[in-house]
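*Asks:* my questions concern the predicted model and sequence given below.
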2 protein chains.
Amino acid sequence: MKEGPDIALIGSLIGDPARANMLTALTSGKALTATELAGTAGVTLQTASSHLSKLEAGGLISQRKQGRHRYFTLADDDVGLMIEGLMGFAAYRGFTRHRTGPKDPALRKARVCYNHLAGDYGVRMLDSLVAEEVITGIGDRLQLTKTGEGKMTALGIDLPALTRLRRPVCRACLDWSERRSHLSGSLGQALLTLFMDKGWAKRETDSRAVRFTGTGETEFAKLFPLPAPSPVERRQEHTVEA
Amino acid sequence: MKEGPDIALIGSLIGDPARANMLTALTSGKALTATELAGTAGVTLQTASSHLSKLEAGGLISQRKQGRHRYFTLADDDVGLMIEGLMGFAAYRGFTRHRTGPKDPALRKARVCYNHLAGDYGVRMLDSLVAEEVITGIGDRLQLTKTGEGKMTALGIDLPALTRLRRPVCRACLDWSERRSHLSGSLGQALLTLFMDKGWAKRETDSRAVRFTGTGETEFAKLFPLPAPSPVERRQEHTVEA
DNA sequence: CGGATGCTTCGATGACGATCGAACTATAGA
DNA sequence: TCTATAGTTCGATCGTCATCGAAGCATCCG
């Protein structure tokens, strides 16, 4: 009826508790089967199937057949960012389902946001990267600097491969627990994968929480030192390593 | 049932077409009466009243009594940012209600986003401000530099007054038509107000579109020159402050 | 080929919520 | 005080949609 994009469609898709639960579960980045999603949503398999087809028709999720299973994932990064954005808004307004549950601290410390690191650690990492002039940018448009490219390659990240993908390499994602930005995009994903490959961090089963090992903690702290008081104001020299 | 914030509540609030229409209308920043909102939503006054009380209970809008009228506005900047964010997502996915209507080009060029300038002009303005080192920052955390403070004051903006408010001065807001960030926050609001006070721009009635006058165009272009090709890459010498 | 598992489709039920008419309250103006 | 305008509340109706049982496909395994 009016001008502009239709937000009611998306709102109604998210507005159903069962669907919201499914989407939240999928924000963990894991590909989940219909049965698993039915379980987390608390509905039978039939209703879950109905919801899933609606979400897919709305372009929010996509499925991949594998044997007699169907694995569902969020359609793309954008959906993840949008969901995380909504969660931030909801959390800030106190719309929580069971206020500060048991594993809430772990989630706030480090968790998976679709495919990259979020929570305190995620925010700290981006702060550090910015302070060290590895990443610059405004708004959600972030960019790797020349020195940053070197550092990332030294870490063992295959930058050309990331660039070949059709997705942005760096992107800012608003963290719902910290209300600050953390690093998303293919680089964010690659970094989280790196941490897990090196055995520094492990994903908890059945949760978005990420648990760092002892060596993981120290390596992470070494790699991403906390910037001085005002991370934005700072504009000095820094040679951390090569 | 699960961990985390409750996005279903917000989703269901936005999911109803009538409410979505009302929220979209309120994104213009104007305070609207219940009757006006009923009109734009296409429902009777009774149903509008019911919707409005739900939106208020959900904290998305607030009302102000004035005589026998009740003026409704979005509750705060956060709501505006969230709505605009959803619109961006919806627009990118092609969820439009009537594809590219007549005044669509005007909306894309310059429009009001709750209380600040959006569209091509809004994005251009932030790009220019960043290129001229008036504003720096990462993610949605933007900050005025020292030189920026001088320039803004010279423009006639009362920075101390803006700082006294409980809102962030600078903030990035994702533009749904450009898919880039533009300037929000109390400074963004102050700048738009300035343009209109100077007679450079006028709001269209019954639309979010902003129309620039001839002198407004030239003054705007003079004040916010287009940055060089790659505004983000630039990293030369610059002594912003100490 | 059976049998088991994973998932979809169909159909019926039930509940919630959007809608509006009618009645009620409140403010403004004459 | 009387009337007109603005808005809320109540109650009834109606549609839509979530839900689940049952049946139907598809895939894997023995």
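*Replies:* Sure thing, it's come through. Residues are numbered from 1 along each chain as shown, chains lettered A, B, ... in the order given.
*Asks:* next, count neighbours for the residue in chain A that DNA strand D sits nearest to.
*Replies:* Proximity of chain A to DNA strand D (C-beta to the nearest atom of the strand) peaks at residue A:67, 3.4 Å away. All C-beta atoms are positioned from the backbone trio N, CA, C, and that covers glycine. For residue A:67, the number of neighbouring residues by other C-beta atoms under 10 Å in any protein chain shown comes to 6.
*Asks:* who's in contact with residue A:172?
*Replies:* Contacts here follow C-beta atoms under 8 Å, 6 or more residues apart in numbering or on different chains; on that basis residue A:172 touches A:126, A:137, A:139-142, A:181-184, B:138-140.
*Asks:* in which helix or strand does it reside?
*Replies:* Element membership of residue A:172, judged by DSSP states H and E, is strand A:171-174.
*Asks:* what lines up beside the next helix or strand after that strand in the sheet?
*Replies:* Downstream of strand A:171-174, the first helix or strand assigned by DSSP H and E is strand A:181-184. Each strand pairing with strand A:181-184, determined using DSSP bridges, is listed with its direction: strand A:171-174 (antiparallel).
*Asks:* secondary structure class of residue A:121, three-state.
*Replies:* helix (DSSP: H, G, I helix; E, B strand; the rest coil).
*Asks:* pLDDT weak spots in chain A?
*Replies:* Within chain A, the segments meeting pLDDT under 70 span A:1-4, A:97-103, A:228-242.
*Asks:* residue numbers of it in contact with DNA strand D?
*Replies:* Proximity of chain A to DNA strand D is assessed by C-beta under 7 Å from any atom of the strand, with A:12, A:16-18, A:43-44, A:46-47, A:50-51, A:54, A:65, A:67-68 identified as the residues in range.
*Asks:* ChimeraX command to pick out the buried ones of these?
*Replies:* To isolate in ChimeraX the members of these that are buried, counting by 16 or more other C-beta atoms under 10 Å in any protein chain shown, one can use:
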select /A:12,16,17,18,43,51
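*Asks:* mind listing what residue A:169 touches?
*Replies:* Going by C-beta under 8 Å, 6+ apart, residue A:169 touches A:144, A:159, A:162, A:163, A:185, A:186, A:187.
*Asks:* wait, which of those is closest to chain B?
*Replies:* When these are compared for distance to chain B (C-beta to the nearest C-beta), residue A:144 comes out closest, at 10.0 Å.
*Asks:* separation between the closest one and residue A:181?
*Replies:* Between residue A:144 and residue A:181 the distance is 16 Å, computed by C-beta to C-beta, to the nearest Å.
*Asks:* same check on residue A:28?
*Replies:* Using C-beta to C-beta, one obtains 20 Å as the distance from residue A:28 to residue A:181.
*Asks:* ok, these two, which is more surrounded?
*Replies:* Neighbour count, other C-beta under 10 Å: between residue A:28 and residue A:181, residue A:181 has more, with 26 against 21.
*Asks:* could you find the closest non-adjacent residue to that one?
*Replies:* Leaving aside its sequence neighbours, residue A:181 sits nearest to residue B:139 (C-beta to C-beta, 6 or more residues apart in numbering or on different chains; 2.4 Å).
*Asks:* hmm, residue A:135 and the one you found touching each other?
*Replies:* No - the pair residue B:139 and residue A:135 fails to qualify as a contact (C-beta atoms under 8 Å) at a distance of 10.4 Å.
*Asks:* ranges for the strands of chain A?
*Replies:* Shown for chain A, the strands assigned by DSSP state E span residues A:32-33, A:61-66, A:69-74, A:111-113, A:116-118, A:135-138, A:141-144, A:171-174, A:181-184, A:201-203, A:210-212.
*Asks:* related to what we said a few turns ago, list the residues that contact both of residue B:139 and residue A:135?
*Replies:* Shared contacts of residue B:139 and residue A:135, counting by C-beta under 8 Å, 6+ apart, come down to A:126, A:142.
*Asks:* which of these two has more residues huddled nearby?
*Replies:* The neighbour comparison of residue B:139 against residue A:135 (other C-beta under 10 Å) goes to residue B:139, with 26 against 22.
*Asks:* rewinding a little: so what's the residue nearest to residue A:181 bridging to?
*Replies:* Going by DSSP bridges, residue B:139 is paired in beta bridges with residue A:139.
*Asks:* buried ones in the longest helix belonging to chain A?
*Replies:* When secondary structure is assigned using DSSP state H, the longest helix within chain A turns out to be helix A:77-92. When neighbours are counted by 16+ other C-beta under 10 Å, the buried residues of helix A:77-92 are found to be A:77-91.
*Asks:* and the residue nearest the centre of chain A?
*Replies:* Geometric centre of chain A, nearest residue: residue A:113, 2.1 Å, by C-alpha atoms, centre = their mean.
*Asks:* quick check: that one touching residue A:122?
*Replies:* Yes - with contact defined as C-beta under 8 Å, residue A:113 counts as touching residue A:122 (7.0 Å).
*Asks:* for these two, list the residues in contact with both.
*Replies:* Common neighbours of residue A:113 and residue A:122 (C-beta under 8 Å, 6+ apart) are A:175, A:182.
*Asks:* who in chain A is up against DNA strand C?
*Replies:* Taking C-beta under 7 Å from any atom of the strand as the test, the list of chain A residues beside DNA strand C reads A:33-35, A:45-46, A:48-50, A:52-53, A:63, A:68-70.
*Asks:* what subset of these is buried?
*Replies:* Among the residues of chain A next to DNA strand C, those buried by neighbour count (16+ other C-beta under 10 Å) are A:33, A:34, A:48, A:49, A:52, A:63, A:70.
*Asks:* so the second one makes contact with residue A:50?
*Replies:* No - because the distance of 10.5 Å does not satisfy C-beta under 8 Å, residue A:34 is recorded as not touching residue A:50.
*Asks:* one step back: in ChimeraX, select just the buried ones from the contacts of residue A:172.
*Replies:* Taking 16+ other C-beta under 10 Å as the burial criterion, the selection of buried members of the contacts of residue A:172 in ChimeraX is written as:
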select /A:126,137,139,140,141,142,181,182,183,184 /B:138,139,140
